[in-house]
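A.B. asks: Task: produce atomic coordinates for the following.
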Amino acid sequence: MQESSVEVGFAVAIQNAWKGNLDLNHLLPQAESLESAGFASLAAVLYQTWLKRNQTPLNHVACFNLGALLFKLGELEQAKEAYSQAIALAPSFFQPRFNLGMTYEHLGQPEEAVAQWRWIDDHVRPNQVAERATLLMALNNLGRLLEIQKQYHSALGYMTKSLTLEPNQPDVIHHWVFLKAKHCAWPVYQPFAGVTEALMKEHTSALAMISLSDDPETQLSTARQFVKKKVQTDLPALAPSGGYRHQKIRVAYCSSDFCIHPVSMLTVELFELHDRDRFEIYGFCWTNQGNSPLRQRVINGMDHFTSILGMDDATAAQLIRSNEIDILIDLQGQTLGARPNLLAHRPAPIQITYLGLPATTGLPFIDYVIADRFLIPEEYTKYYSEKPIYMPDVYQVSDRQRKHAPMPSKTDCGLPEDAFVFCSFNNNYKYTPEVFAVWMNILRRVPDSVLWLLADNPWSEINLRNAAKEQGIEGDRLFFAPRVSPEEYLARFATADLFLDTFPFNAGTTANDCIWMGLPVLTLTGRSFASRMAGALLTAAKLPELITYDLAEYENKAVELATDHHQYQELRERTKMVRINGVLFDTPRFVSHLEEKMQALVKGAPID
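C.D. replies: Presented below is the predicted three-dimensional model:
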């Protein structure tokens, strides 16, 4: 459509709309034609004019279409008004309610969004084909948004209802599985209403699979399934394969976790310590979370820090390419907020994954993963789509500048002062029934002991207390610590006596914090990346006696340390010295070794 003909057509349509000579059947194609020609704003004006000058039984349809158009144009408040008017004109018209919910969410009003979708759940009939699709979308959005708001129980209920209506929904299944794990509602894989265990396993997300399986081959398969379904793998590379020849190597870190997040808590001093005579450091961020002191340190630690929040993947990738980045380090993996299709454009000639996902990404355009030889033994490299960059000491960097609050007493924390305190402050989804049963055995064998856990959500707390009671352990021997500031959280570790690690998803940042605060960490090591993280740290800390390889050894070691005072005190003193001595917290040494690897990569030299 030529611009002159658009102008004429628009003028005629506006005039007819003004005079009441344009019926709805002619209005809709005229507006669609304008939008298709790139004149969406004119289409909106046409709808608005028609609605002001025409009163018909079908005005609610025009209001709905106007709302959809305004939403696309980013005019959210006006879109909200249009959808609301459509509902006022036709209260049983459910489609605008779904869209109004989306509009409220984009306006930062989640409660109002939930109210609209709940109306659909209450009024739309699942046995009507024309209504069923909208009902499923409303249920799924309720589950998604309530999960974000940590209303896990309600989220799980809506997703269960959705899957009962339509079992074959891969995206819903992977959220449902993860929510079950967050609830500690065991067994996680519990078939219902056509949702089989095989279907659950097939659609378990990469992150959820880490806490459910220690099989690295299964994790690789899960990652590749995600890539096949969700990732563009046939995009032309933006960066030249031969790289660039800059005087300083340009290294970019990209993440949505440049905020109060474990990844930033570990990496912030890495950014600060890079050698500016040899390296130029970039940060590409799509975080939308405040301006905490940690975030400000991250920003200050970069030479160039750019927000790509709101940019589409292609535009963001082109921006990174325009900066001629030599090495791009993705700190996200396949975790919440990941942008794999940005990386799929290959905006840098060398692309590395680090810390975000403790497993293989399965992404064919990620070349390397930063590791150590305990974390990824050479015989397991076949289960990784990336090639390991082996650090000589330990894979995990540390921040030596972290601060802690004054150390509380056991009484301050609501714990019995004379009890031996086992703790596990990992996220609740890392807890498994097998390891929890061992924890109950430990409590049974150490009578004057308690277990201190993270109060991640009230539903997991109820389920854990019930699971303890089923195994003959009274619920009052379990204590739950609420989330607090990072400084208070660190101080807690000095109050506990022994950290019991989870399996198959070990503590990562949490284990680092424990050792930093002088608290021994007892871990169980397996075959996967996630099940070897704490073992890698303990190896670097020269505390190998805290690494166990089966549940019986793990249980017996915990009991031994809790009942042998001399052995425990000697171990605790050695743990306290790790902060001062050795390589685990020698961050300058880590940075120097990493920079040597980076220089070798850019030169095309061997990195082993």
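
A.B. asks: could you measure the closest residue to residue 391 other than its chain neighbours against residue 590, distance?
C.D. replies: Residue nearest to residue 391 in three dimensions, not counting chain neighbours: residue 372, with 4.9 Å by Cβ to Cβ, 6 or more residues apart in numbering. All C-beta spots, glycine's among them, are computed from the backbone N, C-alpha and C. Residue 372 sits at a distance of 11 Å from residue 590 (criterion: Cβ to Cβ, to the nearest Å).

A.B. asks: Tell me which of those two has more neighbours.
C.D. replies: The residue with more neighbours, out of residue 372 and residue 590, is residue 590; 24 against 21, by other Cβ atoms under 10 Å.

A.B. asks: right, and the helix or strand after the top helix by length along the chain?
C.D. replies: The residue-count maximum for a helix in the chain (DSSP state H) belongs to helix 129-148. Remark: after helix 129-148, the chain's next helix or strand is helix 152-165, criterion DSSP states H and E.

A.B. asks: average model confidence for that next one?
C.D. replies: In this model, helix 152-165 has an average pLDDT of 97.

A.B. asks: now stretch 353-360
C.D. replies: 95.

A.B. asks: Show the end-to-end separation of that stretch, please.
C.D. replies: Using Cα to Cα, to the nearest Å, one end of stretch 353-360 lies 9 Å from the other.

A.B. asks: Same check on stretch 442-449?
C.D. replies: 9 Å.

A.B. asks: starting at the chain centroid, how far to it?
C.D. replies: Computed by Cα atoms, centre = their mean, to the nearest Å, the separation of stretch 442-449 from the middle of its chain amounts to 35 Å.

A.B. asks: Can you give me the buried ones in that stretch?
C.D. replies: Within stretch 442-449, the residues that qualify as buried by neighbour count (16 or more other Cβ atoms under 10 Å) are 442, 443, 446, 449.

A.B. asks: In strands, which of the residues you listed fall?
C.D. replies: In strands, judged by DSSP state E, the following of these are found: residue 449.

A.B. asks: so which two of the buried residues of stretch 442-449 are the farthest from each other?
C.D. replies: Using Cβ to Cβ, these span at most 7.3 Å, a distance reached by 442 and 449.

A.B. asks: and for these two, which residues touch both?
C.D. replies: Listed contacts common to residue 442 and residue 449 are 422, 562; contacts here mean Cβ atoms under 8 Å, 6 or more residues apart in numbering.

A.B. asks: how close does the nearest residue to residue 144 once chain neighbours are set aside sit to residue 425?
C.D. replies: Nearest non-adjacent residue to residue 144, counting by Cβ to Cβ, 6+ apart: residue 175, 6.8 Å away. To residue 425, residue 175 is 24 Å away according to Cβ to Cβ.

A.B. asks: what does residue 364 give?
C.D. replies: Counting by Cβ to Cβ - residue 364 and residue 425 are separated by 36 Å.

A.B. asks: quick revisit: which one of the buried residues of stretch 442-449 sits closest to residue 145?
C.D. replies: Nearest to residue 145 among the buried residues of stretch 442-449 is residue 443, at 37.9 Å by Cβ to Cβ.

A.B. asks: got a list of what the residue nearest to residue 200 when sequence neighbours are not counted touches?
C.D. replies: Once flanking residues are discounted, residue 200 sits nearest to residue 189: 5.0 Å by Cβ to Cβ, 6+ apart. Residues in contact with residue 189 (Cβ under 8 Å, 6+ apart) are 177, 197, 200, 201, 212.

A.B. asks: what do you get if the cut-off is 7 Å, keeping everything else the same?
C.D. replies: Residues in contact with residue 189 (Cβ atoms under 7 Å, 6 or more residues apart in numbering) are 197, 200, 201.

A.B. asks: Can you name every helix or strand that the helix or strand harbouring the residue nearest to residue 144 contacts?
C.D. replies: Taking DSSP H and E as the definition, one finds residue 175 inside helix 170-183. Packed against helix 170-183 by the contact rule (3 or more Cβ pairs under 7 Å, 6 or more residues apart in numbering; DSSP states H and E) you find helix 129-148, helix 152-165, helix 197-202, helix 206-212, helix 458-470.

A.B. asks: average pLDDT for it?
C.D. replies: Averaged across helix 170-183, pLDDT comes to 94.

A.B. asks: Mind listing what's buried along that helix?
C.D. replies: Within helix 170-183, the residues that count as buried by 16+ other Cβ under 10 Å are 170, 172-183.

A.B. asks: just the strands in the stretch 401-550 of the chain please.
C.D. replies: All strands of the stretch 401-550 of the chain, identified by DSSP state E, counting those that start in this stretch, fall at 420-424, 449-454, 478-481, 498-500, 521-524, 547-548.

A.B. asks: and what of the stretch 201-350 of the chain?
C.D. replies: In the stretch 201-350 of the chain, strands defined by DSSP E, counting those that start in this stretch lie at 249-255, 279-285, 304-307, 327-330, 350-353, listed in chain order.

A.B. asks: Show me the strands paired with the fourth one, marking each as parallel or antiparallel.
C.D. replies: Listed by DSSP bridges, the sheet partners of strand 327-330 and their directions read strand 249-255 (parallel), strand 350-353 (parallel).

A.B. asks: re earlier: model confidence score at the residue nearest to residue 200, please.
C.D. replies: pLDDT at residue 189 comes out at 95.

A.B. asks: check which helix or strand covers it.
C.D. replies: Residue 189 belongs to no helix or strand, assigned by DSSP H and E.
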